[in-house]
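Visitor: this is the structure alone, sequence omitted:
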């Protein structure tokens with residue numbers, strides 16, 4: 001399922017609609033990089049920021065991150081594609 005950072009989802013007849021320009025991306029591998037997130041989500045439009053949350057002591061990925069798009073509309077496009085399993089980060093399908 002897909003969830004904007006604020007945890008809200010709005011469901012319409014066409015599916016889930018993002019209410020934020022920032023999407024949570026989960027189920028990442030410890031080997032996934034910010035560049036892989038940029039590559040996976042860049043095709044939907046411009047984004048402001050991409051971050052993978054890391055353990056401060058080891059710098060190893062905590063398995064999730066965020067992609068902040070410039071508009072909610074762009075986030076909605078990425079969300080729709082992720083729900084259809086059309087987004088790959090590296091070789092994995094993340095939970096968005």
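Guide: Arrived safely, thanks for sending. Predicted model only: the values in this text are computed from it and were never measured.
Visitor: beta partners for the spatially most central residue of the chain?
Guide: Closest to where the C-alpha atoms of the chain average out (CA atoms, centre = their mean) is residue 25, at 3.8 Å. Beta-bridge pairing for residue 25 (DSSP bridges): residue 65.
Visitor: am I right that it is in contact with residue 92?
Guide: No: judged on CB atoms under 8 Å, residue 25 makes no contact with residue 92 at a distance of 10.4 Å. C-beta: built from backbone N, CA, C; applies to glycine.
Visitor: list the contacts of the residue nearest to the centre of the chain.
Guide: For residue 25, the contacting residues are 37, 64, 65, 66, 67, 89, 94, 95, 96, by CB atoms under 8 Å, 6 or more residues apart in numbering.
Visitor: rebuild those as JSON lines, extending it with pLDDT.
Guide: Shown next, in JSON lines, are these (pLDDT from 0 to 100):
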{"residue": "37", "pLDDT": "94"}
{"residue": "64", "pLDDT": "96"}
{"residue": "65", "pLDDT": "96"}
{"residue": "66", "pLDDT": "96"}
{"residue": "67", "pLDDT": "96"}
{"residue": "89", "pLDDT": "89"}
{"residue": "94", "pLDDT": "85"}
{"residue": "95", "pLDDT": "87"}
{"residue": "96", "pLDDT": "82"}
